[in-house]
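1. Model the following, please.
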Amino acid sequence: MSAFTILAGGYDSSIAAYAFTPDNASLTLVNTYPSGQNPSWISLNPSNTSVLYATNENTEGGLQSFIIGSDFSLSAAVDTVASGGDAPAYATWLSTGEVAVMNYNSGNGRILPTSSPETFTDDAPLLTFPVLKNISHPHMVYEYEDEVLVTDLGGDVIWRLKQQSAGNYEIQGQIAQPDGSGPRHIQIVDDYLYTLHELASTLTVQQVPAAPNGTSDIISDVSIIPDDAPEGSAWGAAEILIPATTDAFPTQYIYVSNRNIGNVTDPRGDTVAIFEHVNKGEDGEELKLINQFYTGISQVRGMEFSPDGAEYLVAAGVVGDAGTIVFRRTENGTNFEKVAANQEIPTRTSFVWLQ
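-> Numbering: from 1, shown residues only. Presented below is the predicted three-dimensional model:
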């Protein structure tokens, strides 16, 4: 099997590049490329995979673009613009040719047009979200049909945005979430909305409500915390991934990462919880826990499946010294095995696979 390059962001001033070779199960740090400070979230432009975006998660936040060379090397930053707020924790390309970036600490964000995939048009206004409770914490951006959805961890809501013109969006509605849950990241599959809640450490599923302000009942609301967690643990859910089915993995599973942020850690590390959405549209429909896989990583935050049918998962934590680890899905996707690790950089926060 051919080798992969894995780019990794984190809380420093560089983006790391690893070479992962499945045939000999090796994960090698090949380079670190200078970036702005704290490129905590990196994402690929799916329409032009030679372009990478990175946030600068600082008090005066930024958004950067880079060019990926034919040898998978990373250029110096091509363009850098202000995110307009404090601690941008997420950025993503939209099919409109815009790039969205959200500022977690200041309750606002920007959706920036581009003159080319790697060049931002820096005239987009700042979008400020209403404070429904004590604070607004916009986190993830998710494009769904002709809407842009933004999870607001502080407001227990998912905002529904509608484009008015390039770079100009208005809030047209909202999808309320359980009180105190803290919606962080979402995925939508077959018009089902799966929401991972950081503060409650829960996973929910509901039908996507009709725009702009329809409602739908939460079908299932389950804890993602392992039953045998050590006393003194405290939890904050992080990432949700739902890879498409393949011949090798014919059942679709939902993979969510736990972060034990308490004072008592588990020597087994934190878990990736594996769920299945069973009995869809029928009596007994629910999210069923299939397995809790212990990763050996503390505070698993960033993880991403490989592009070759999601056979491999790369993950890392934000504390400790476990470094970056690649796992392989086993038992038809209900378990993992560790295949390679690299500890030269102790922590990482987000990943992009290149092939």
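
2. Is the residue nearest to Ala82 when sequence neighbours are not counted bridged to anything, and to what?
-> Nearest in space to Ala82, with sequence neighbours left out and distances taken as Cβ to Cβ, 6 or more residues apart in numbering, is Gly62 at 5.9 Å. Using the backbone N, CA and C atoms, a C-beta is placed for each residue, glycine as well. Note on Gly62: beta-bridge partners Asn56, Ala82, judged by DSSP bridges.

3. dump the residue contacts of Gly62.
-> Taking Cβ atoms under 8 Å, 6 or more residues apart in numbering, we find Gly62 in contact with Gly36, Thr55, Asn56, Thr80, Val81, Ala82, Ser83, Pro88.

4. mind putting those residues in CSV, pLDDT, neighbour count and distance to Leu287 included?
-> Output for those, formatted as CSV (pLDDT from 0 to 100; neighbours: other Cβ atoms under 10 Å; distance: Cβ to Cβ, whole Å):
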residue, pLDDT, neighbour count, distance to Leu287
Gly36, 97, 19, 38
Thr55, 98, 29, 30
Asn56, 98, 25, 36
Thr80, 98, 15, 41
Val81, 98, 20, 39
Ala82, 98, 16, 40
Ser83, 98, 26, 34
Pro88, 98, 30, 31
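
5. picking up where we left off before, please tell me how far the residue nearest to Ala82 sits from Tyr169.
-> Distance from Gly62 to Tyr169, counting by Cβ to Cβ, to the nearest Å: 20 Å.

6. ditto for Ile111
-> Using Cβ to Cβ, Ile111 is found at 5 Å from Tyr169.

7. Name the nearest residue to Tyr18, sequence neighbours excluded.
-> In space, Tyr18 is closest to Ile6, 4.5 Å off (Cβ to Cβ, 6+ apart).

8. wait, that neighbour sits on Val352?
-> Yes. Assessed by Cβ atoms under 8 Å, Ile6 is found in contact with Val352 at 7.2 Å.

9. of the two, who's got more company?
-> Neighbour count, other Cβ atoms under 10 Å: between Ile6 and Val352, Ile6 has more, with 25 against 22.

10. so what's that one bridging to?
-> Beta-bridge partners of Ile6, counted by DSSP bridges, are Tyr18, Trp353.

11. what's near enough to touch it?
-> So Ile6 contacts Ala17, Tyr18, Ala19, Phe20, Leu27, Val314, Thr324, Val326, Phe351, Val352, Trp353, Leu354 (Cβ under 8 Å, 6+ apart).

12. roughly how far apart are it and Pro46?
-> Distance of Ile6 to Pro46, computed by Cβ to Cβ: 17 Å.

13. And Pro267, by the same measure?
-> Pro267 sits 39 Å away from Pro46, going by Cβ to Cβ.

14. for Asn31, same thing?
-> As judged by Cβ to Cβ, Asn31 and Pro46 stand 24 Å apart.

15. again, but for Gly69
-> 18 Å.

16. circling back to that earlier point, the more surrounded of Asn31 and Pro46?
-> Asn31 (15 against 10).

17. tell me the contacts of that one?
-> Counting by Cβ under 8 Å, 6+ apart, Asn31 has contacts Ala16, Ala17, Ser73, Leu74.

18. Which members of the residues you listed are the farthest-apart pair?
-> For the contacts of Asn31, with distances taken as Cβ to Cβ, the pair at the greatest spread is Ala16 and Ser73 (12.4 Å).

19. who touches both of those two?
-> Counting by Cβ under 8 Å, 6+ apart, the contacts common to Ala16 and Ser73 are Asn31, Tyr33.

20. Who has more neighbours out of these two?
-> Counted by other Cβ under 10 Å, Ala16 and Ser73 do not tie: Ala16 has more neighbours, with 24 against 14.

21. ok, so what distance separates the residue nearest in space to the middle of the chain from His197?
-> Taking Cα atoms, centre = their mean, the centroid of the chain lies closest to Glu239, which sits 5.2 Å from it. The gap separating Glu239 from His197 is 13 Å, by Cβ to Cβ.

22. Could you measure from the nearest residue to Leu74 once chain neighbours are set aside over to Glu60?
-> Excluding the flanking residues, the one nearest Leu74 by Cβ to Cβ, 6+ apart is Tyr33, at 4.0 Å. Plainly put, Tyr33 is 22 Å away from Glu60 if you go by Cβ to Cβ.

23. Which one's more surrounded, those two?
-> Tyr33 (17 against 12).

24. got the contact list for the more buried one?
-> Per Cβ under 8 Å, 6+ apart, neighbours of Tyr33: Ser14, Ile15, Ala16, Ala17, Phe66, Ser73, Leu74, Ser75, Ala76.

25. partners of it in the sheet?
-> For Tyr33, the beta-bridge assignment (DSSP bridges) gives partners Ile15.

26. going forward, begin numbering at 16 instead of 1
-> OK, 16 is where the count begins now, so the last one is Tyr48.

27. if I look at it, how far off is Ala69?
-> Taking Cβ to Cβ, one finds Tyr48 at 10 Å from Ala69.

28. Now do the shared contacts for the two.
-> Common neighbours of Tyr48 and Ala69 (Cβ under 8 Å, 6+ apart) are Ile30, Phe81.
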